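Visitor: sharing a model that was predicted from the sequence below.
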Amino acid sequence: MIFQPLSLLTLALAVSAQTSTKIVLTNDDGWAVAQIRAQNDALKAAGYTVVLSCPAINKSGTGSSTTTPTVLTSPCEFNTCPTGSPAEGFNASDTRLNYVNAFPVDAVRFGIQTLAPKFFNGFKPDLVVSGPNIGSNLGSTVLVSGTVGAASEAALEGIPSIAFSGATGDQVSYTTLTTSPTSVDAKAALIYSQLSVTLVNALLASPPPILPAGISLNVNYPSTSSCTSAAAFKFVLTRINSNSGATDVQTCGTTHLPTESSVVGKAGCFASVSVFDASTKGDVTAATQGIVLAKLASLLTCSN
């Protein structure tokens, strides 16, 4: 008879620990796309406390650009707020859904510095999740990616972060998730959001700190055309840039990690996980890769 109370206690402690994890969610595609709202829903369903802070409109490809947010001179994307709306605003029915009329870096900064203290009882976020981006961010593309730019900004502000990107999908409204749930865009958004929760869960299950200071993760998912469920995907540790002379962490029988492009482009539903320096957006040392490898050991596999 003692086993049931112990099981319930263990479950309660696990749920409590997860609920206490505070996440700022951001992107570069805008606050009203299906992909970011699906991610918001998935993280909340997993028990995380989430505040969304994204650009008012699509700001893809703006890297680490920054500016002062301004009053909108045209509507938010998909007419989710009218012309003349304030520089920062929120959804009237859910004040945790916020837009910033500026770049991704400005949106995540607002989330970390202004929204987090408001919604997290004066505390900073534990983690920043950027994306899933609509489209891949592989190799040198990270230098111009607003999704990666936002993740980099978070890490530079001392908040662990992950940039997620998926190959499948177009810029569609979050309403697509309910009006066309079987569409390619909606299904991809749901699959990618589930995968991102899987990685977040694995990372947070490891001992603190969540990630080494000043680094972030760049995660890319392949197309969902032949990978039709989250269960089909496998995660592989990769590097961003091709460098035949580099010595990486030893794993999968080698001290040279595959590039994320080669892994995502390979048959088998492989998702790439690269560890990058938030200042340079380049690859990190083997020692730093090793820290992440140890944290995600239960999740990672080999692609060879």
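Guide: Alright, I've got the coordinates. Numbers count the residues shown, from 1 in each chain.

Visitor: every contact and neighbour count from this point should use C-alpha atoms.
Guide: Will do.

Visitor: packing partners of the helix or strand harbouring residue 163?
Guide: In this assignment (DSSP states H and E), residue 163 forms part of strand 161-166. Here strand 161-166 touches strand 127-134, helix 146-156, strand 215-221, going by 3 or more C-alpha pairs under 8 Å, 6 or more residues apart in numbering; DSSP states H and E.

Visitor: okay if I get the ones you listed as a markdown table plus mean pLDDT and distance to residue 263?
Guide: Shown next, in a markdown table, are the helices and strands packed on strand 161-166 (pLDDT from 0 to 100; distance: least, C-alpha to C-alpha, whole Å):
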| stretch | mean pLDDT | distance to residue 263 |
| --- | --- | --- |
| strand 127-134 | 99 | 18 |
| helix 146-156 | 99 | 19 |
| strand 215-221 | 99 | 9 |
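
Visitor: what's the closest of those to residue 241?
Guide: Nearest of the helices and strands packed on strand 161-166 to residue 241, taken as C-alpha to C-alpha: strand 215-221 at 12.0 Å.

Visitor: pull up the pairing partners for the helix or strand just after the closest one, direction included.
Guide: Beyond strand 215-221 on the C-terminal side, the first helix or strand identified by DSSP H and E is strand 234-238. Using DSSP bridges, strand 234-238 pairs in its sheet with strand 270-277 (parallel), strand 300-301 (parallel).

Visitor: could those go into a markdown table alongside distance to residue 237, mean pLDDT and mean neighbour count?
Guide: Listed next are these as a markdown table, based on distance: least, C-alpha to C-alpha, whole Å; pLDDT from 0 to 100; neighbours: other C-alpha atoms under 10 Å:
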| stretch | distance to residue 237 | mean pLDDT | mean neighbour count |
| --- | --- | --- | --- |
| strand 270-277 | 5 | 99 | 26 |
| strand 300-301 | 7 | 98 | 17 |
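
Visitor: that older thread, could you point out which element follows the strand holding residue 163?
Guide: Under the assignment DSSP H and E, the closest C-terminal helix or strand after strand 161-166 is helix 176-179.

Visitor: next, the angle from the helix or strand just after that following helix to strand 161-166.
Guide: Counting by DSSP H and E, the element after helix 176-179 in chain order, helix or strand, is helix 184-204. Interaxial angle, helix 184-204 versus strand 161-166 (axes from the mean of the first three to the mean of the last three C-alpha atoms, to 10 degrees): 150 degrees.

Visitor: adjust the sequence numbering to begin at 44 for everything that follows.
Guide: Okay, residue one is now 44; in that scheme the one you just asked about reads as helix 227-247.

Visitor: quick one: mean pLDDT over helix 227-247.
Guide: Helix 227-247 shows a mean pLDDT of 98 in the predicted model.
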